[in-house]
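Enquirer: Build me a structure from this.
(4 chains)
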Protein chains: 2
Amino acid sequence: MPVTLKEIAAVAGVAPNTVSTILNGKKNWTSEETRKRVIEAANRLGYKPNRLARGLRLGKYLTMGLIVPDLLNPYYALFARSLEKVLDANGYDLLIEDSEASLAREQLCLSRISEHQIDGLVCSLMDPQGCSPKLKSLVENGRPVVCIGRVPAELNVDVFRSDFSQGISEAILHLKELGHLKIAFVSGLPEGQSEDGQRFRFFRTMVLDSGLSFTEKLYIRCGHSMAHAREAFTKYWKSTPDTERPTAVIALNDLLAIGVMRSCLDLGLHIPQDVSIIGIDNTEIADNLPTRLTSIAQSYEEMAAAAAHRLIARCRNSITQGQTDEVIMPTRLIIRESTGRVCKHTHEPQIASL
Amino acid sequence: MPVTLKEIAAVAGVAPNTVSTILNGKKNWTSEETRKRVIEAANRLGYKPNRLARGLRLGKYLTMGLIVPDLLNPYYALFARSLEKVLDANGYDLLIEDSEASLAREQLCLSRISEHQIDGLVCSLMDPQGCSPKLKSLVENGRPVVCIGRVPAELNVDVFRSDFSQGISEAILHLKELGHLKIAFVSGLPEGQSEDGQRFRFFRTMVLDSGLSFTEKLYIRCGHSMAHAREAFTKYWKSTPDTERPTAVIALNDLLAIGVMRSCLDLGLHIPQDVSIIGIDNTEIADNLPTRLTSIAQSYEEMAAAAAHRLIARCRNSITQGQTDEVIMPTRLIIRESTGRVCKHTHEPQIASL
DNA sequence: CTGAAAGCGCTAACAT
DNA sequence: ATGTTAGCGCTTTCAG
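Expert: A predicted model of the protein is given here:
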């Protein structure tokens, strides 16, 4: 039985609403004397406001929602933390949902989020359209929504995303300068989805643009964990003839890159002498691995902060409803030890192409 | 403006409570005809129940709380996921709070959790007493609480924890068999706390029990991230004379172990030839590092599942209130590549001690 | 089998 | 300057 306003009112000998105005610091001029008495009583009884009741009354829950595909990925965990920091400072709480990279669970998360009457939502969705009926109805009900990464089709929401074209083209240029001719891409695909992701599409475009060749064989698909990447890469390597094997790999994220790195070592390959590896996200571990991982950095902390501010502004109605933005953050390549010059004898006429 | 029961009732031509009973599958015998009409209307309008209103009415929010010290630690992220899986299956939602290993934030998390009227709480607290007034008042208000890891002083709650004595003694025995005489412990301490943790106390006891020596110099304290551990270890190594340096290190968790590993490589030390390293938690990355990390495994998934079941049972009042349990899970050493025989020439009379 | 009414805790309007 | 009242959306008696 938690303490209610009414109980405090009884103890302090005032009406419930008086307690409410005092505790919420409303400017209604209350006498200093009753004010003290009320606050003292509230503290003594250990009063905690009931957010459900307040949310119901106000139509505002002072809570935002966040949906991410994988909390085990430190990138998203850090994103959540950065988001929370800003929300916190503005009196908002954060409800985190992990869709576990499954389209089905994603729908479930959306349902739960809307049941919770959250004031606004930040979401990084796997859904290629990014526009399920559930998300749509949230938006249509007037809930501010900010999408991260993917641009939802035909939906009037703010979008914050990284421009990977820059980071990826730097990565490919870097590899090309080191003499790599065949670069593979390792991608974690969400359960139940087969569509190519944005990062991969950039990758393919940039590879072709830089004059290198790309074949479907250089696109390695797997699940979204380190173990998935490791197994997929090992299987791939063993089943691919030497002439078709890549000398460099770019992975969808650092986690998958670590899996590939482990796989290479299992196969007796040296990094970067035999295979160069590049991750994406530049998470803390990239710089702490025994072989430091070259990675494409996104400025996710800035992105999280910007998303939070936008969401708060929308909730306070200080932004015109109809007008939405797409904010694009830069990415850049952080070169470390997992990339190096091609050392291995290749079957390609390498000299001719230099 | 989300859809309410009343609106559905209006559309279906019935009373709001009829809709409620039908949608909640209560056994009140409603005619099959109105039932269909109501369900159809609810679906068509995209009805989502308002959890705030329901929670307020029922006094049950169907939501549990979780407080962890660091969501960036994959151990806790996975714990959260395992917990959620069980709660999900039982209709409960999970509200995750990250105390960021700060005692001050921990209090804040407790406040927020209780404001949210959660039905029950799972918490892994840094607070050495584990018994702040806030936690106490939650328990006294009849909220079921399960503590993970630490046993709160004088508080009647269920506790689930790992018995590290086994894992740590296996680790020390393992190191001793490999010829190590000086073993250091690297510990991440929460902001604003200086008390020795349980894991360290076990470590010290086991070291002494096994006949090795332990000096305060072998206790390295740092923050709770990889970077903290790396910097602390580098500084430690450089400021410690060769004769006092350890040949093996046990870290509070895998993350810190990775930081130490990185530091060793920075210092030009080889693993395990110069320094052996053991982590705790056996997270996925331990098995995927270029130098696989020997680590002490906890069965956290079982622990999370057990904690969830206990909490649910308590919420359903199927357990006598007064009676609490302390459940202890085993730990065990997983030996990988980061530990090996002492190769370095030591200044100790090593032969004599063999 | 279905409707009407009350109330969970809180806050905004209105009254005193 | 404080008290009274009503109602947010939902569910649970109790009547019809």
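
Enquirer: in the stretch 101-250 of chain A, which spans are strands?
Expert: Secondary structure of the stretch 101-250 of chain A by DSSP state E, counting those that start in this stretch: the strands cover A:120-123, A:145-148, A:158-163, A:183-188, A:219-222, A:248-251.

Enquirer: Find the one among these with the highest mean neighbour count.
Expert: Greatest average neighbour count among the strands of the stretch 101-250 of chain A goes to strand A:248-251 (a mean of 30), per mean count of other CB atoms under 10 Å in any protein chain shown. Every C-beta, even on glycine, is put in place using the N, C-alpha and C of the backbone.

Enquirer: Which strands border that one, and is each parallel or antiparallel?
Expert: strand A:183-188 (parallel), strand A:276-281 (parallel) (DSSP bridges).

Enquirer: Residues of the stretch 51-200 of chain A that sit close to DNA strand D?
Expert: Residues of the stretch 51-200 of chain A lying close to DNA strand D by CB under 7 Å from any atom of the strand are A:53, A:56, A:57, A:59.

Enquirer: In contact with the last one, which residues?
Expert: Spelled out, that is residue A:59. Residue A:59 sits next to no residue when contact means CB atoms under 8 Å, 6 or more residues apart in numbering or on different chains.

Enquirer: can I assume residue A:19 is in contact with residue A:10?
Expert: No - between residue A:19 and residue A:10 no contact is recorded; they are 9.8 Å apart, counting by CB atoms under 8 Å.

Enquirer: more neighbours, those two?
Expert: When neighbours are counted by other CB atoms under 10 Å in any protein chain shown, residue A:19 and residue A:10 differ, and residue A:19 comes out ahead with 26 against 14.

Enquirer: Tell me which helix or strand comes right after the helix or strand the more buried one falls within.
Expert: Residue A:19 belongs to helix A:16-23 when assigned by DSSP states H and E. Of the helices and strands lying after helix A:16-23 in sequence (DSSP H and E), the nearest is helix A:32-45.

Enquirer: does that next one come close to DNA strand D?
Expert: Yes - contact of helix A:32-45 with DNA strand D (CB under 7 Å from any atom of the strand) involves A:33, A:34, A:35.

Enquirer: tell me the mean pLDDT for that helix?
Expert: Model confidence over helix A:32-45, given as mean pLDDT, is 87.

Enquirer: Check the burial of residue A:326 by counting its neighbours.
Expert: Applying other CB under 10 Å, we find 11 other residues in the vicinity of residue A:326.

Enquirer: just checking, it touches residue A:152?
Expert: No - with contacts defined as CB under 8 Å, residue A:326 does not count as touching residue A:152, sitting 10.9 Å away.

Enquirer: shared neighbours, those two?
Expert: Taking CB under 8 Å, 6+ apart as the criterion, residue A:326 and residue A:152 both touch residue A:159.

Enquirer: Which of the residues of helix A:32-45 next to DNA strand D are buried, as a PyMOL select command?
Expert: Of the residues of helix A:32-45 next to DNA strand D, the buried ones go into a single PyMOL selection, burial set by 16 or more other CB atoms under 10 Å in any protein chain shown:
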select buried, chain A and resi 35
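
Enquirer: if you average pLDDT over stretch A:242-256, what comes out?
Expert: The model assigns stretch A:242-256 a mean pLDDT of 96.

Enquirer: Hmm, I typed the wrong one, I wanted stretch A:103-118.
Expert: With pLDDT averaged residue by residue, stretch A:103-118 scores 92.

Enquirer: Enumerate the positions of it that are buried.
Expert: Residues of stretch A:103-118 classed as buried: A:103, A:105-107, A:109-110, A:112-118 (neighbour count, 16+ other CB under 10 Å).

Enquirer: Check stretch A:26-39 too.
Expert: Of the residues in stretch A:26-39, those scored as buried under the neighbour-count criterion (16+ other CB under 10 Å) are A:35, A:37, A:38, A:39.

Enquirer: Up against DNA strand C, what does the stretch 1-150 of chain A have?
Expert: Taking CB under 7 Å from any atom of the strand as the measure of proximity, the stretch 1-150 of chain A contacts DNA strand C at A:2, A:4-6, A:16-17, A:20-21, A:23-24, A:26, A:49-50, A:53-54, A:56-58.

Enquirer: helix or strand for the residue in the stretch 51-200 of chain A positioned nearest to DNA strand C, which one?
Expert: When scored by CB to the nearest atom of the strand, the stretch 51-200 of chain A has residue A:53 as its residue closest to DNA strand C, at 3.3 Å. In this structure, residue A:53 is located in helix A:51-58 according to DSSP H and E.

Enquirer: what sits up against that helix?
Expert: With contacts defined as CB under 8 Å, 6+ apart, helix A:51-58 is touched by A:61-63, A:117, B:50-53, B:55-56, B:61, B:115-117.
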